[in-house]
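Undergrad: Quick one: sequence plus predicted model below, questions after.
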Amino acid sequence: MKNILKLVEKPIRYTGEEINMCKKDPSKVKIRYAFCFPDVYEIGMSHLGLRILYDLYNRREDTYCERVFAPWVDMEKLMRENDIKLFALETKDEIRNFDLIGFTLQYEMSYTNVLNMLDLAGIPLYAKDRTEGMPFVMGGGPCTYNPEPLAPFFDFFIMGEGEEVNMEINDVYIEWKEKHGTRQEFLEMVAQIEGVYVPSFYEPVYREDGKIKEYQILNPNAKEKVTKRIIKDLDTLTYPDKWLVPYLNVVHDRAMLEIFRGCIRGCRFCQAGYIYRPVREKSKERLEEIASNLIDNTGYEEISLTSLSTSDYTEFHDLANDLISKMKPKNVNLSLPSLRIDSVSLKLMDEMNQVRKSGITFAPEAGTQRLRDVINKGITEENILKGCDLAFRSGWNTIKLYFMIGLPTETYDDLQGIVDLANKIVDVYYAIPKAERTKGLSVTVSASTFVPKPFTPFQWFGQNDIETIKEKQEFLRKNLTNRAVKFNWHEPEISVIEAALAKGDRRQSAVLQKVFEKGCKFDSWGEFFDYQKWLEAFEEAGIDIKYYTERNIDLEEVLPWDLINIMVSKEFFKREYQNALDGKVTPNCRANCAGCGAAKFNVGVCFE
Amino acid sequence: MIYRLKYEKRDEVKYIGHLDTMRTFTRCIKRTNLPIKFSGGFNPRVQLSFALPLGVGVTSECEYVDLELQDEIALEEKEIIKELNRTLPEGFRVTNVQKIEKSKSLMSLVKEAVYEITLLLGDADTEESCKILDDLFARDELLIEKQTKNKKLEQINLKEMILDVKTEVISYAAIRTTIHCLAGSEKNLNPNLVVELMKNELGEAVEDFEIHRKELIL
C-alpha cells in the first residue's frame, strides 16, 4: 500500500494518525467496529455523529472502533488494480474481518458509495449472501427513516439517536459471540432491541396496481413497528474530549458544540424538523464545560455551535456571551450558523468577527407570504427587509437568500415574489445614506429544487417534472436582472434522483444494484453524477421513476416507511398537509403545542 | 523571544503537505502550556516562520521553524522540547531548541540541502545500478522537463544545482544516492525530479523509492 500512496492525490486521506486518534491492541478487544462514512475523508470528518460514536465506542474496553471513508476515485482504481481491500484508517486492517460494519446514511446520493465500499471491502452486497463469520452490516442516520431502497443490502438498521442503542447492540453481540450463535440468532436478538429494524424479517406485499398492500412480518421476534430512539437527557451524554483534529483542511475544520437536538419550527418541507423531535437542550453549564475541554484538547481556532436553529436555544445570548468571553483570551472564534437576524444577533456577530463581515444569510424558501404560510416558514418580508437594513447599517454588504422552487401550490406569482424580494433588498440598501453603508452591494439568490421527504407533511406531494423546474429557473434567470443580484441554481436532475430514493420502496434496490454496476459513485459530486445512467438503471429494472417522484400519493396509501414510528403521528402529518393547502400557519412548539405526538417521550420542549 | 526549533518529520506524517503541517504546528502549540505570543491585529495568530517546505512523501530529520513566545517568561529549552513533543502527533519530534536574536525570515536563510534518495531494486544488480547512476550524474547537463506554475513545460538543468553526489549500495536490494545541492528561494533542487531522472535511467528495476532530507544548511 505504501507504494500506491505516492501516486494518489492527498495521501493523508488514507493514513490516519491524526491528533487524538484512538489506538488499541485489536487482539485485546471483543468487537472490531468499522464506522463507515460513504463519502471522501474531508466530508466524513466534518460529521459530528462520527465523532460522537467514535468516542463512545472507544470508551468501551471491549470495542475498537475505526474509521473508513470512501476512497477517492484515484485511490479506488489503484486499490482494485493491486487487489487491496477496503481497510480501516487506524490499523489499516481489512474491514471484511471486522465484527460490525456501520454505515451512516446522511444523504441519498451516497447510496452508490455504500455499495461500492462493500464491494471494495470484499463483502457480499446482499445481506442474504453473507455467511457465518462475515461481518454484520448496519445502517443509521437520517436516511434510515426510509431505509427500504437499501433494505436488502443491510443486516439491520438503527432508528434515531445512536448513543444508547449502539451500546446495547454491542452488549448483545458479545453475548451472542460467547454462545457461538448463528447469524439468524443474532438478528433475532437485535430485533428485540427498541429502535432496531431487521429488514429481512419483513416482507412488503404489493397490490395489483403496484402499490404496497401491507408488510408481512416473517419472524416472531420482529416488532410490529420500529420506534426511534432518543436520548432523554442530553446532559448525561459524554462528549468527545479526545476530538480528532485532521491534518487535511476538511469541510468543517473546527470544533463543534452541539447545543440542542430537534427544532421547534415545523417547516413543512423539512424532515429534520420532525424526525429529531422533541426539542431537547443541553444546559448552559454543561456546554461551557464541553467548550473548555474542546479548546484545550484541539488547538482549534474556531468553535461552532451546532443545532438546527441556533437562536432558538433558550439561553442563547447568555451562552454566546459567556463563550465569547471565555474564548477571546485564547484567540478562539465562535461561529454561529443558522442565526435569526435581528439587532441583538447582529451586535453579537459584530463582536465576533470584527473586520471580516462575511455575508448575512436568509432562508425565506418561498417568494410570497402566501407560499411561506403554506410551507410554515415563520419569516416575513418585514423581518427580512428590517434585518437587511440593520445589517447594511452595521457594515455588511453581502446578502444571501435561499429559496426552493417546485414547492406544493407554487405559481409564477410566487416566483415573481422572489424577484421582488431581491429588488426590495437592493432598494433598502440604496435608501440608506451613502456615508452609513459599505460600498459594493451583493445579493445572491440561490434556488434549489424541492424534494419531498418521508415524515414531513409534504411526503404525499409529487415533485414538479424536470421541464417545469427548468422553465421556472429560466423565469428567475430572465427576471433577476438587477446588477447587484446574482442568481445561483442547481441542475434539477440530481434532485429528481434524490426524491426517487427518498420516497423509494424495496423494489428500488434493483435500481441501486444496476446503477452501481454501471460504475456510478460519488453522485453528490456534480462531476460524477450521471443522470442518464440512473434513468437507464430505472428502465432496466422495470421501474417507473415518476411513480416515486411526480405522483401525488393518496393520503390513505400504505407508505414504505409506515413500519417506522418516529413518535410524530400520521394524523398530525395529515392535519399539517391540510393546513398547508389551506395556507394555515402552525405556531412553533414553544408558542403552542400542535399535538404531534412527540410529547409521549415525556421530555424536552413539550414539558417546558 | 524567538526560539528556533529543529524537528523531524517521519512515518505517516510525511504525507502531510506544507500548509497542513503549518496548521498542525499552530494547533499543537495552542495545546501546550507555552506562553504564546500572538500577533497583533484583528486575527491574532501564533507566530511561526518555517524554513524550506518539504515535499509530500519526503521524510526529514532537519526541519526548522521559528516560534515567538512571550518575552517576560523565562523558559528552559528542555521544557519547550518536552511540551511540544507532548502535543505533536507521532512522526513529528522536536530535537533541538535554540534561543535566537530577531533574524531574517528562515526561508531566506536557507542555502543548501542534503537529500538521501533510497532506491529499492528488484532483481537488478546493485553494483551495476550504482555505476549507471554515477555515469548519469557525471554528465555535463541533466535536463528534465518541469511544469511551471502557468502549466507550461519548461526545461531545466538539474546539474547546475547539484554540488556533490555519490551513490552506494546499502543492502542486497537497495542503493542510496546522497545529493548535496542548492536549496532555498532562489535556486532549489526538487529531489522528486532527480528521482524521475534516476528512474528513467534504471527503468523497471526501481520498485520503490524513499526521499529523506538529511541536512538543511542555513
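TA: Sure, I can see it. Residues are numbered from 1 along each chain as shown, chains lettered A, B, ... in the order given.

Undergrad: nearest residue to residue A:130 other than its sequence neighbours?
TA: residue A:124 (5.2 Å; CB to CB, 6 or more residues apart in numbering or on different chains). C-beta: built from backbone N, CA, C; applies to glycine.

Undergrad: likewise residue A:351?
TA: residue A:324 is the one closest to residue A:351 (CB to CB, 6+ apart), at 6.6 Å.

Undergrad: can I assume residue A:232 is in contact with residue A:603?
TA: Yes. Contact criterion CB atoms under 8 Å: residue A:232 and residue A:603 qualify, at 4.7 Å.

Undergrad: Which one's more surrounded, those two?
TA: residue A:603 (17 against 14; other CB atoms under 10 Å in any protein chain shown).

Undergrad: Residue A:279 is in contact with the more buried one, correct?
TA: No. Using CB under 8 Å, residue A:603 makes no contact with residue A:279, being 9.5 Å away.

Undergrad: between residue A:232 and residue A:603, what contacts are shared?
TA: residue A:280 (CB atoms under 8 Å, 6 or more residues apart in numbering or on different chains).

Undergrad: can you tell me which residues contact the residue nearest to residue A:130?
TA: A:118, A:130, A:134.

Undergrad: okay, now the residue of the stretch 501-608 of chain A found nearest chain B: neighbour count?
TA: Relative to chain B, the nearest point of the stretch 501-608 of chain A is residue A:527 (19.7 Å; CB to the nearest CB). Other residues near residue A:527 come to 6 when the count uses other CB under 10 Å.

Undergrad: in its sheet, what does the helix or strand bottoming out on mean pLDDT in chain B sit against?
TA: Within chain B, no helix or strand scores below strand B:143-147, which has a mean of 87 by mean pLDDT, DSSP states H and E. If you go by DSSP bridges, strand B:143-147 pairs up with strand B:153-157 (antiparallel).

Undergrad: Over to the residue of the stretch 501-608 of chain A closest to chain B. Which of the three states is it?
TA: coil (DSSP: H, G, I helix; E, B strand; the rest coil).

Undergrad: List phi and psi for it.
TA: Backbone torsions for residue A:527, taken as degrees, to the nearest 10, come to phi -70, psi -20.

Undergrad: quick one: pLDDT of it?
TA: pLDDT for residue A:527: 93.

Undergrad: What is the neighbour count of the residue of chain B found nearest chain A?
TA: In chain B, no residue comes nearer to chain A than residue B:27, which is 3.2 Å away by CB to the nearest CB. By the measure other CB under 10 Å, the count of residues near residue B:27 is 20.

Undergrad: what's the distance between it and residue A:124?
TA: 42 Å (CB to CB, to the nearest Å).

Undergrad: Quick check: closest non-adjacent residue to residue A:588.
TA: residue A:264 (4.4 Å).

Undergrad: I figured the one you found hits residue A:590, correct?
TA: Yes. Between residue A:264 and residue A:590 there is a contact under CB under 8 Å: 5.3 Å.

Undergrad: Between those two, which is the more surrounded one?
TA: residue A:264 (21 against 13).

Undergrad: tell me the contacts of that one?
TA: Contacts of residue A:264 by CB under 8 Å, 6+ apart are A:279, A:309, A:312, A:588-590, A:605.

Undergrad: Name the residues of chain B found near chain A, please.
TA: B:11-13, B:15-17, B:19-21, B:23-24, B:26-31, B:38, B:42-45, B:56-57, B:87, B:89-91, B:207-208 (CB under 8 Å from any CB of the partner chain).

Undergrad: Among those, which ones are in strands?
TA: B:207-208 (DSSP state E).

Undergrad: Can you say which of the residues of chain B next to chain A are buried?
TA: B:12-13, B:15-17, B:20-21, B:23-24, B:26-31, B:38, B:56-57, B:87, B:89, B:91 (16 or more other CB atoms under 10 Å in any protein chain shown).

Undergrad: joint contacts of residue A:264 and residue A:590?
TA: Contacts common to residue A:264 and residue A:590, judged by CB under 8 Å, 6+ apart, are A:312, A:605.

Undergrad: Show the contacting residues for the closest residue to chain B within the stretch 151-300 of chain A.
TA: Residue nearest to chain B within the stretch 151-300 of chain A (CB to the nearest CB): residue A:299, separated by 3.2 Å. Residue A:299 makes contacts with A:245, B:26-31, B:87, as judged by CB under 8 Å, 6+ apart.
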